[in-house]
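Peer 1: sequence plus predicted model, see below.
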Amino acid sequence: MKPHRTPRRRSCGRPERGISLIVSLVLLVLVTLIAVGSMRGVLLQTRMSATTHDRSLAFQAAEVALREAERRAATATSADFPGAGCASGYCVTPALADTPRWMDTAFAGWQAAAAAAPADAPAPEAIVEDMGDAPNWPGCESEIPRQPNCSTRRYRISARSSAEGRASVLVQSQFAAP
């Protein structure tokens, strides 16, 4: 007696064509594209974060130099300012026709800050420019008699922190001598 065989059934009567392989490959490509896009986004955010951190360090260093230069300006005398140009971070009143010193890339009269700047920050430096006397309140120069505290010596203080390939920051203040 022969063993009884059950006939094989084909589902729906169609031969297999490997469609599941194609679907899984398409899904794999889609997941890969999403992953690559996400990685690019993460890299961009990392660069932006590093740039922001570097700019923050440069700003803090420039602020250190600015505050130090303001302390120097508070005790400055006419003897500190040279007859012309700049010396030791002190500069005479700029001529109106000249390019501002802080915008001139060839200007070399910056004074390095002695105060401690944040670690890993570009070296800060500053200049103190004598801007002459200016009134302390509107119309004081036309009062008769003129008040003794009508005008005060003014200084423009520029401080910068920059290095090649790093964030560059320039800050300025107008300072009235006490």
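Peer 2: Perfect, thanks for sending it.

Peer 1: where along this structure do the helices fall?
Peer 2: Using DSSP state H, the helices assigned to the chain run over residues 19-74.

Peer 1: could you measure from Ala115 over to Gln172?
Peer 2: Using C-beta to C-beta, to the nearest Å, Ala115 is found at 18 Å from Gln172. The C-beta positions use only the backbone N, C-alpha and C, and glycine is treated the same way.

Peer 1: and the two? Which one has more around it.
Peer 2: Using other C-beta atoms under 10 Å as the criterion, Ala115 and Gln172 rank with Gln172 on top: 17 against 12.

Peer 1: can you tell me how far the more buried one sits from Thr32?
Peer 2: Distance of Gln172 to Thr32, computed by C-beta to C-beta: 51 Å.

Peer 1: again, but for Ser142
Peer 2: 77 Å.

Peer 1: same thing with Ser151?
Peer 2: Taking C-beta to C-beta, one finds Ser151 at 72 Å from Thr32.

Peer 1: okay, now the unreliable bits of this protein?
Peer 2: Confidence mapping of the chain against pLDDT under 70 gives the ranges 1-4, 6-16.

Peer 1: distance check, the residue nearest the centre of it against Ser161.
Peer 2: Centroid check for the chain by C-alpha atoms, centre = their mean gives Arg55 as the closest residue, at 3.2 Å. Distance, Arg55 to Ser161, by C-beta to C-beta: 10 Å.

Peer 1: just give the number of residues close to Gln111.
Peer 2: Burial of Gln111 is recorded as 21 neighbouring residues (other C-beta under 10 Å).

Peer 1: what residues does the residue nearest to the centre of the chain make contact with?
Peer 2: Ala167, Val169 (C-beta atoms under 8 Å, 6 or more residues apart in numbering).

Peer 1: and the closest residue to Ala113 other than its chain neighbours, how far is that from Pro122?
Peer 2: Leaving aside its sequence neighbours, Ala113 sits nearest to Ala65 (C-beta to C-beta, 6 or more residues apart in numbering; 3.9 Å). Going from Ala65 to Pro122 by C-beta to C-beta gives 11 Å.

Peer 1: neighbour count winner among these two?
Peer 2: Neighbour count, other C-beta under 10 Å: between Ala65 and Pro122, Ala65 has more, with 28 against 22.

Peer 1: shared neighbours, Ala65 and Pro122?
Peer 2: Common neighbours of Ala65 and Pro122, using C-beta under 8 Å, 6+ apart, are Ser161.

Peer 1: that older thread, Ser151 and Thr32: who's more crowded?
Peer 2: Higher neighbour count among Ser151 and Thr32: Ser151, with 17 against 10, using other C-beta under 10 Å.

Peer 1: that one pairs with what?
Peer 2: The partner list for Ser151 in beta bridges (DSSP bridges) reads Pro135.
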